[in-house]
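[1] just coords:
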Ligand SMILES: NC(=O)c1ccc[n+]([C@@H]2O[C@H](COP(=O)([O-])OP(=O)(O)OC[C@H]3O[C@@H](n4cnc5c(N)ncnc54)[C@H](OP(=O)(O)O)[C@@H]3O)[C@@H](O)[C@H]2O)c1
């Protein structure tokens, strides 16, 4: 099976029956944007899933890159995220449609509330989250978003959402790599039928110099990045490494032709030290 074929076969099923490709390409503003690398990922590496956000300021650039790839919209899984500045019922709906226009698409495959905190004065975070989520529920019913979810939500945020609203999120996207393994959240998501998606799978490069990762990489004749990405997808986690370099994107996609043995999965599982390389939403009420 070619890399591209392997990538297309590997998906995770959401509670509404849709299948999200287990491996995607990140596009955060951290580290910049490369048009050529995105086009290369889509045309040469079989990437069909792109993760972005209003906050990354690359929606128009992605519009151009996707167009240049020549791929039909229906072949792609596009995730976008709503920034707290646009939380609230009306603002959320407007921002989603604006993001669609910037990206030149009629719908998103997945639309997430980016962060549990709100920037709206005069209302509690909980009230604003619920009001915003009701807008996402409507966008879902209208077909503007084929799936809806949240990002950086802790268990108490999800519990409140369940009490206040109707739909359970399809996905929660949180930080996940060998140093940061939120086991309780993974169990909670599993119980509630929420797909757990991990971001920063390489801990922004920090995990790549770890001796255990190196040892395992040597054993399999793979790179440290491939070992970390393989570990994440082998745990069933939707995984979205980012690179703006063509050779690294190709390398990060070559994670389907091998399997890590149980002992090696366990050794990587023991690297958890609780560190965050991104935001820590623990104190958000
Ligand atoms: N929901 C959220 O709040 C949230 C937060 C953070 C991130 N995310 C999403 O998750 C994606 C990934 O996270 P991230 O970019 O922060 O971290 P990451 O994927 O863990 O690491 C990216 C860094 O690793 C380097 N890199 C990539 N592949 C490599 C390889 N094979 N060998 C050596 N270095 C490599 C990249 O540099 P080069 O580009 O120079 O290769 C970049 O500096 C983001 O793009 C974004 O879509 C979501």
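    Yes, it's here. These numbers come from a predicted model, not from an experiment.
[2] all contacts plus neighbour counts: C-alpha atoms, from now on.
    Noted.
[3] Near the ligand, which residues of the stretch 1-150 of the chain? Just list them.
    For the stretch 1-150 of the chain, the residues in contact with the ligand (Cα under 6 Å from any ligand atom) are 26-28, 31, 51-52, 114.
[4] Apologies, that question was intended for the stretch 151-285 of the chain.
    The interface of the stretch 151-285 of the chain toward the ligand, taken as Cα under 6 Å from any ligand atom, is made up of 151, 173, 199-205, 225, 240-245, 248, 251-252, 278.
[5] I'd like the list of those residues that fall within strands, please.
    Judged by DSSP state E, the subset of those located in strands is 151, 173, 199.
[6] check contacts around the last one.
    Going back to what we said before, that points to residue 199. Taking Cα atoms under 8 Å, 6 or more residues apart in numbering as the criterion, residue 199 is in contact with 173-177, 239-241.
[7] Same check on the second one?
    Counting by Cα under 8 Å, 6+ apart, residue 173 makes contact with 150-153, 196-199.
[8] if you set the cut-off to 7 Å instead, what comes out?
    By Cα atoms under 7 Å, 6 or more residues apart in numbering, the contact set of residue 173 is 150-152, 196-199.
[9] okay, these in TSV with pLDDT next?
    Below are the contacts of residue 173 laid out as TSV (pLDDT from 0 to 100):
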residue	pLDDT
150	98
151	98
152	98
196	98
197	98
198	98
199	98
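[10] Counting neighbours, which of those comes out on top?
    Among the contacts of residue 173, residue 150 has the most neighbours (other Cα atoms under 10 Å), with 26 neighbours.
[11] okay but that one is in contact with residue 113, surely?
    Yes: here residue 150 reaches residue 113: they are 4.6 Å apart, a contact under Cα atoms under 7 Å.
[12] what ranges do the helices span in the stretch 151-285 of the chain?
    Along the stretch 151-285 of the chain, the segments classed as helices by DSSP state H, counting those that start in this stretch run 155-164, 183-192, 211-220, 224-234, 246-253, 262-269.
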